[in-house]
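**Student:** I'll drop the sequence and a predicted model, then ask my questions.
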Amino acid sequence: MTGRELPPSSPFAGDDGSADPDLAGVLARYGQGAATLADVVVAIAPTRVLVPVLAELEAADVVEHDGHAHTVDKEASAGIVALRTPDGRTALPVFTGVETMTRWRADARPVPTAVPRAALSAVAEGWEVLVVDAAGPTTVVLPRTAVYALAQGLAWRPAVQDGHVADDVRAAVRAAVADVRLVAHADAVPGARAEVAVELGLLPGLDRPTLDRVLRQVNEALAHDPVVAARVDSLELRVRPA
């Protein structure tokens, strides 16, 4: 595939392909456990990233994340690669510089893009997450809520910080399920299998069909709450007796 040259008026015409030094520093600290995911989102928001375009797409690739190698499938949209993450979501890979892109695929053609535009492109395609520097040295997966915030030019507020669910998220969860019959009380805590766990106190003596109906109603109520949808990347339910 032959790349089209950027016009001289492009804001990236003088880009030498180097990573933003401030962002590189935050990523290094993140890899050492000295920076948070929120720090990464703040650092990457004003930068440009490189979106890879490939002439030929393969069936599978490997993404390094959290010290483990994950096999992922590839798809294509107009030559732009999408990765399938281990949890089944589709991700747009972006790179901080030519060096990190070359570590991943030496034959990838870099297309410089402002981060909000890259995030907006992912949202428009229905791709939920961004994977930053898929081959390292530090790989970061930006969740759906961060991608949506970046696409809109908004500050991202994680649902969970310092081991606690944000007060407005907890309030939204409680309000969302307040009208679900047979739910005595609800709360939100950090999850084990998901970002947030919704703890439900249910009235005793429910048979299986009734329990399934209540849980379905709870899931529907949470899915339609705007605060929960905007702030929480993933949910799990925990049922406890009231």
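**Tutor:** Yes, it's here.

**Student:** contacts for stretch 147-160 next, please.
**Tutor:** Contact with stretch 147-160 is made by 37-38, 41-42, 44-45, 115-116, 119-120, 122-123, 128-130, 142, 145-146, 165-166, 169, 190, 195-196, 230-233, as judged by CB atoms under 8 Å, 6 or more residues apart in numbering. All C-beta spots, glycine's among them, are computed from the backbone N, C-alpha and C.

**Student:** quick one: the closest residue to Asp168 other than its chain neighbours from Asn219, how far?
**Tutor:** Of all residues not flanking Asp168 in the chain, Val227 sits nearest, at 6.3 Å (CB to CB, 6 or more residues apart in numbering). Using CB to CB, to the nearest Å, Val227 is found at 16 Å from Asn219.

**Student:** and the helices in the protein?
**Tutor:** Taking DSSP state H as the criterion, the chain contains helices spanning 21-31, 37-44, 98-104, 115-125, 144-151, 167-176, 208-223, 226-231.

**Student:** for the fourth one, packing partners?
**Tutor:** It refers to helix 115-125. The contact analysis (3 or more CB pairs under 8 Å, 6 or more residues apart in numbering; DSSP states H and E) places helix 115-125 against strand 48-53, strand 90-94, strand 129-132, helix 144-151.

**Student:** ok, and the closest non-adjacent residue to Thr47?
**Tutor:** Excluding the flanking residues, the one nearest Thr47 by CB to CB, 6+ apart is Asp20, at 4.5 Å.

**Student:** pLDDT wise, what is the one you found at?
**Tutor:** You'll see Asp20 listed with a pLDDT of 96.

**Student:** equivalent analysis for Arg89, please.
**Tutor:** Confidence at Arg89, expressed as pLDDT, is 89.

**Student:** including mean neighbour count and distance to Val239, could the helices and strands packed on helix 115-125 go into a markdown table?
**Tutor:** What follows is the helices and strands packed on helix 115-125, written out as a markdown table (neighbours: other CB atoms under 10 Å; distance: least, CB to CB, whole Å):
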| stretch | mean neighbour count | distance to Val239 |
| --- | --- | --- |
| strand 48-53 | 22 | 42 |
| strand 90-94 | 24 | 31 |
| strand 129-132 | 23 | 29 |
| helix 144-151 | 22 | 25 |
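
**Student:** so which of these is nearest Ala28?
**Tutor:** Nearest to Ala28 among the helices and strands packed on helix 115-125 is strand 129-132 (12.7 Å), distances taken as CB to CB.

**Student:** returning to what we had before: contacting residues around the residue nearest to Thr47?
**Tutor:** 43, 47-48, 96.

**Student:** show me the contacts for the most centrally placed residue in the chain.
**Tutor:** Of all residues in the chain, the one closest to the mean position by CA atoms, centre = their mean is Pro143, 1.4 Å from it. Contacts for Pro143 (CB under 8 Å, 6+ apart) come out as 37, 128-129, 195, 233-234.

**Student:** please consider this matter closed, and thank you.
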